[in-house]
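Asker: Sequence first, then the predicted structure:
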Amino acid sequence: MKLEFLDFNLDDCPADKAPTYFGFECPKHPGRMCSGLVLRGNPEGLKPPKQTWAWDGNREAPTFSPSINCARCSHGFIEAGKWRDA
């Protein structure tokens, strides 16, 4: 699964910085990224939107919670860097 970590401006976030957003390749549409999902604990201290995700901090094989609706085409979880249908 291709994952991306983004900074406040939705640019690639370097490994030594805490990301604000994450994205992943859609499990039903390879090559299409679901991007700009907001991590809890926003490092900029901004009030988070209603839907945010917890992240275990692992960039290589991350786990996010709660579940994710991928562009209304899929519902599942990203656990240890892999998509699992709900």
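Answerer: The structure has been received and is ready for your questions.
Asker: Buried residues of stretch 61-78, list them for me.
Answerer: Buried residues in stretch 61-78, defined by neighbour count with 16 or more other Cβ atoms under 10 Å: Pro62, Thr63, Phe64, Ile68, Cys70, Ser74, Phe77, Ile78. For the C-beta atoms, the positions are set from N, CA and C on the backbone; glycine is no exception.
Asker: My guess is the fifth one contacts Met33. True?
Answerer: Just to be clear, that refers to Cys70. No - between Cys70 and Met33 there is no contact, the gap being 10.2 Å when judged by Cβ atoms under 8 Å.
Asker: So which residue is dead centre in this protein?
Answerer: Note on the chain: the residue nearest the mean C-alpha position is Phe22, at 3.2 Å, using Cα atoms, centre = their mean.
Asker: ok, that residue to Pro14 distance?
Answerer: Phe22 sits 14 Å away from Pro14, going by Cβ to Cβ, to the nearest Å.
Asker: what does Arg40 give?
Answerer: Arg40 is 20 Å from Pro14, by Cβ to Cβ.
Asker: same deal with Asn69?
Answerer: Distance from Asn69 to Pro14, by Cβ to Cβ: 29 Å.
Asker: Sheet partners, orientation included, of the lowest-mean-pLDDT helix or strand in the chain?
Answerer: When the helices and strands of the chain are compared on mean pLDDT, DSSP states H and E, strand 68-70 comes out lowest with a mean of 83. Next to strand 68-70 in the sheet, as set by DSSP bridges, lie strand 74-79 (antiparallel).
Asker: Out of the buried residues of stretch 61-78, which is nearest to Thr52?
Answerer: Phe64 (10.0 Å; Cβ to Cβ).
Asker: Would you agree that closest one is in contact with Gly57?
Answerer: No - between Phe64 and Gly57 there is no contact under Cβ under 8 Å: 10.9 Å.
Asker: Report the set of residues contacting both of the two.
Answerer: Common neighbours of Phe64 and Gly57 are not found (criterion: Cβ atoms under 8 Å, 6 or more residues apart in numbering).
Asker: ok, the residue nearest to Ala15 when sequence neighbours are not counted to Cys73 distance?
Answerer: Excluding its sequence neighbours, the residue lying closest to Ala15 (Cβ to Cβ, 6 or more residues apart in numbering) is Arg59, at 6.5 Å. For Arg59, the distance to Cys73 equals 25 Å [Cβ to Cβ].
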